[in-house]
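Visitor: Fold the following and give me the result.
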Amino acid sequence: RLFDATSGTKWLKKREVLEAEGWLLGEDKAFRSPQPAELEHRGPAAQARLFNDGGPDPRESVALPLYEGQLANRYDHRSRTYEGYEGESKYGRKPNAPYCTDLQKADTTFEVEPRYWVDQHVAEARSRDIPEDEALIGFRDVAVSFADSRCAKAAIIPRYPASNTLPVLTIERSRALAFIAIFNSTTFDFLVRGHMPAAHLNKWIVSAVPTPFSGLDPRIPELARRLSLTSHSVARPFGVEPYRWDLEERYELDAELDALIAHAYKLTREDYEIVLDSFEVLARLETRQHGRYKLKQDCLAAYRRVG
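Guide: I've put the predicted structure just below:
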């Protein structure tokens, strides 16, 4: 967590304000200040407004996207986007940003648009202690165990600032993929819900959950890689090309990976079935949609196959 969207609003910049001041939005969804030639046509007052809290020369300024909880989901740093969204609740507590489409996610250059941006020099001042060889893993803060289908939802995110609704963990890149596979598993989620006294998942709860890190099946980080690194912004730091976004393939990879994590936790088939049966909301949703608890059946089939 780097910025609090409820109390740290002085650092947060809106698109409407940045565009009015002549900043330009790039494909990476970062805003860049006007070039010197553009500034020459502005009055002193307009130029003065571009200096931000004693920061660097505005001609060299960049405003970075601020990641919030709604923008991320399990293995997905491009869950929702504010691009083109003008809803009345955009800047409210429940903005209800639209979900990204599978067609958008199939484009490896596509990145989500946030509702706020933060000056790069401010963001870097707060993150300067994060080593360059560590990945950022953001997880959803809001989780209601009796209402949500899943509670533990994390994604590898670009090296951008994040708000209080998306707490960030940093971990060595060599271990990040295995970690996120464990975090997003039904087994970890099952254990997390046993530690949740309220509707928020915080770092204290996460730290209290045991994880199997030794002797992991090498398929675990590889499958997590294919699920997580789906655009250039997150694939580039790992030195790979982005993996394609194929919804059906992703479901199969997810079920197989979940089964591998169950084996890593040394669960018997009966143990694993108890874990899967605990997701009552998910079971109801899938039974309504498919006529059966599809994920449970597919995960148990994968458990037999990968073991």
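
Visitor: C-alpha only now, for contacts and for neighbours.
Guide: Will do.

Visitor: Low-confidence stretches in the stretch 1-150 of the chain?
Guide: Applying pLDDT under 70 to the stretch 1-150 of the chain flags the ranges 1-9, 35-60.

Visitor: Kindly provide the distance from the nearest residue to Arg80 once chain neighbours are set aside to Phe190.
Guide: Excluding its sequence neighbours, the residue lying closest to Arg80 (Cα to Cα, 6 or more residues apart in numbering) is Tyr99, at 4.2 Å. According to Cα to Cα, to the nearest Å, Tyr99 and Phe190 sit 26 Å apart.

Visitor: Looking at the two, which has the bigger crowd around it?
Guide: Between Tyr99 and Phe190, counting by other Cα atoms under 10 Å, Phe190 is the more crowded of the two (20 against 14).

Visitor: before we move on, back to that, so what's the residue nearest to Arg80 up against?
Guide: For Tyr99, the set of contacting residues under the criterion of Cα atoms under 8 Å, 6 or more residues apart in numbering consists of 79-81.

Visitor: quick one, strands of the stretch 101-250 of the chain?
Guide: With DSSP state E, counting those that start in this stretch, the ranges of strands along the stretch 101-250 of the chain come out as 117-119, 134-139, 154-157, 168-172.

Visitor: just those: most buried one?
Guide: Sort the strands of the stretch 101-250 of the chain by mean neighbour count, taking mean count of other Cα atoms under 10 Å, and strand 154-157 sits at the top with a mean of 28.

Visitor: Verify the contact between Gln104 and Val112 for me.
Guide: No - under the contact definition of Cα atoms under 8 Å, Gln104 does not touch Val112, with a separation of 9.5 Å.

Visitor: and those two? which has more neighbours close in?
Guide: Between Gln104 and Val112, counted using other Cα under 10 Å, the more crowded position is Val112 (23 against 14).

Visitor: show me the contacts for that one.
Guide: Residues in contact with Val112 (Cα under 8 Å, 6+ apart) are 29, 71, 78-83.

Visitor: again, but for Ala181
Guide: When contacts are counted by Cα under 8 Å, 6+ apart, Ala181 touches 220-221, 224, 257-258, 261.

Visitor: which of the contacts of Val112 are buried?
Guide: 29, 71, 78-82 (16 or more other Cα atoms under 10 Å).

Visitor: that older thread, the strands of the stretch 101-250 of the chain into JSON lines, with extra columns for distance to Ser61?
Guide: Listed next are these as JSON lines, based on distance: least, Cα to Cα, whole Å:
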{"stretch": "strand 117-119", "distance to Ser61": "7"}
{"stretch": "strand 134-139", "distance to Ser61": "23"}
{"stretch": "strand 154-157", "distance to Ser61": "22"}
{"stretch": "strand 168-172", "distance to Ser61": "25"}
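
Visitor: can you tell which of those strands is closest to Glu16?
Guide: Closest approach to Glu16 among the strands of the stretch 101-250 of the chain (Cα to Cα): strand 117-119, 11.0 Å.

Visitor: Quick one: list the elements packing against the closest one.
Guide: In this structure, strand 117-119 makes packing contacts with strand 62-65, judged by 3 or more Cα pairs under 8 Å, 6 or more residues apart in numbering; DSSP states H and E.

Visitor: Now do the buried residues in the strand it packs on.
Guide: Buried residues in strand 62-65, counted by 16+ other Cα under 10 Å: 62-65.

Visitor: Wait, Trp117 touches Glu16, no?
Guide: No - under the criterion of Cα under 8 Å, Trp117 is not in contact with Glu16, lying 11.0 Å apart.
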